[in-house]
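Sequence first, then the predicted structure:
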Amino acid sequence: MEIPRALEKTILKKLKPNKVVAILGARRVGKTELINYISINSSEKQLILNGDDIETHNLLATQSTASFKRLLGDTQLLIIDEAQEIPSIGKKLKLMVDTIPGIKILITGSSAFEINNQIGEPLVGRMSTLHLYPLAQLEFSAKENYLETKSNLEERLIFGSYPELSSITNKEDKISYLKELAHNQLLRDILAFEGIKKRDKIIALLQMIAFRTGSEISLESLGRDLQISKNTVEKYLDLFSKVFIIYSISGFSRNRDNEITKMKKWYFVDNGIRNAIINSFNPLNMRDDVGKLWENYLNSERIKLLHYKEKHVLDYFWRTHNKQEIDRIEEANDKLSAFEYKWQNQKTKIPSEFAKAYPDASFEVIDQENYLDYIT
């Protein structure tokens with residue numbers, strides 16, 4: 001790996017005998033490269049299988065302890081890439097960890113929907129689930145100095161941080177890569193689900209989410225605009241989340257009448273995918289959505305940091321009906337931390353209603369001067 005992945009140490013810590021570690025993430029975020037790196041640097045006897053390979057399906061077809069013992073022999077570490085493609089893989093993995101002493105199992109998956117359906121229930125208590133994201137600034141910082149990071153900020157706001165982009169120097173090639181990834185790879189995963197055939201509705205919905213990044217979104221309004229039901233909108237958004245394209249944040253409230261909680265805000269896991277969906281790759285000085293890009297970037301980088309550092313927080317936005325708002329609220333150990341995102345360095349006070357309602361909460365403005373402390 002050219003850039004060390006922050007998740008590696010956590011994987012190795014959780015990779016224990018008769019346990020399964022699942023690495024989930026969108027296609028091309030580097031899952032295969034990461035498990036290959038772990039494999040190369042492990043001294044344990046290994047068996048590596050690929051869920052996309054029909055031969056793997058044949059090898060695992062017979063679900064019996066005797067069959068699996070013959071296959072694994074004295075294997076200490078079993079690695080399965082794209083495990084969700086293997087029928088009944090959850091039950092098969094459960095049988096392995098229950099009956100083969102000392103076996104460690106590492107799997108990857110690019111669809112939380114299939115992983116949860118096939119693997120989640122049989123492996124309750126036996127599996128650790130970790131998420132691998134596009135490269136985090138936390139990871140870039142291992143290779144960059146401060147000046148390099150600052151000079152790369154605009155590029156990351158526009159093109160995102162998928163690993164392969166690091167080796168693409170031409171702007172048009174970066175755009176082609178992201179369009180192909182967004183429209184062929186990620187959308188293919190969505191359209192593969194049974195009953196999902198309306199590619200035009202899927203793309204139109206993703207475009208609406210992209211244009212409204214960082215705004216509360218009404219599912220009824222989206223449904224009316226697309227001429228589909230609210231339930232269908234909800235179903236599509238759930239699928240987008242489970243193939244790691246977007247995620248939602250809910251409104252924070254302590255049951256105060258003036259606080260908005262019914263609608264969610266939606267963000268893209270990666271800025272580059274967001275911009276590919278709406279075909280918008282202009283430089284920042286030619287854009288009117290810099291604030292949206294900044295908010296999307298900071299939220300996603302913050303989530304990467306917290307996940308990789310194994311810090312568990314509840315996250316929200318806060319807004320009142322008279323339009324006082326805060327971009328991000330984190331709750332951990334009964335403590336509230338509020339963060340407001342500003343692209344330009346400017347004095348911003350804590351909203352008066354929030355300060356009055358939650359006097360013990362901290363408040364910080366995140367701008368270009370201090371953002372690295374917030375995400376690394």
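All right, it came through fine. Numbering: from 1, shown residues only.

Show the pLDDT at Leu186.
In this model, Leu186 is scored at 68, pLDDT.

next one: Lys264
Looking at Lys264, its pLDDT is 93.

Kindly state the beta-bridge partners for it.
As for beta bridges, Lys264 partners with Ile217, Ser250 under DSSP bridges.

Distance check, it against Phe252.
To Phe252, Lys264 is 12 Å away according to C-beta to C-beta, to the nearest Å. The C-beta positions use only the backbone N, C-alpha and C, and glycine is treated the same way.

quick one: which of the two has more around it?
Set side by side, Lys264 and Phe252 show more neighbours around Phe252, with 23 against 18, by other C-beta atoms under 10 Å.

contacting residues around the more buried one?
Phe252 makes contact with 259, 261, 316-318, 329, 331, according to C-beta atoms under 8 Å, 6 or more residues apart in numbering.

Sort out for me which of those are in strands.
The strands, defined by DSSP state E, take in 316-318, 329, 331 from the contacts of Phe252.

Would you mind checking those residues for buried ones?
316-318, 329 (16 or more other C-beta atoms under 10 Å).

Now render those as TSV, adding distance to Tyr308 and pLDDT.
Shown next, in TSV, are these (distance: C-beta to C-beta, whole Å; pLDDT from 0 to 100):
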residue	distance to Tyr308	pLDDT
Tyr316	21	97
Phe317	22	96
Trp318	25	96
Ile329	21	98
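
Including distance to Ala210, could these go into TSV?
Putting those into TSV (distance: C-beta to C-beta, whole Å) gives the following:
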residue	distance to Ala210
Tyr316	22
Phe317	18
Trp318	23
Ile329	24
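
quick revisit: looking at the contacts of Phe252, which is nearest Ile273?
Checking the contacts of Phe252 against Ile273 by C-beta to C-beta gives Phe317 as the nearest, at 21.2 Å.

separation between Thr169 and Phe159?
Applying C-beta to C-beta, the value for Thr169 to Phe159 is 12 Å.

Run through the strands of the stretch 1-150 of the chain in chain order.
Secondary structure of the stretch 1-150 of the chain by DSSP state E, counting those that start in this stretch: the strands cover 19-24, 46-50, 77-81, 104-109, 127-131.

Could you identify which of these is most buried?
Ranked by mean neighbour count, the strands of the stretch 1-150 of the chain are led by strand 104-109 with a mean of 25 (mean count of other C-beta atoms under 10 Å).

Show the secondary-structure elements that that one is packed against.
For strand 104-109, the packing partners by 3 or more C-beta pairs under 8 Å, 6 or more residues apart in numbering; DSSP states H and E come out as strand 19-24, helix 31-40, strand 77-81, helix 89-99.

redo that, cut-off 10 Å
helix 7-14, strand 19-24, helix 31-40, strand 46-50, strand 77-81, helix 89-99, helix 112-115, strand 127-131 (3 or more C-beta pairs under 10 Å, 6 or more residues apart in numbering; DSSP states H and E).

Of all these, which one is nearest Tyr146?
For the helices and strands packed on strand 104-109, proximity to Tyr146 was assessed by C-beta to C-beta; helix 7-14 is nearest, at 24.1 Å.
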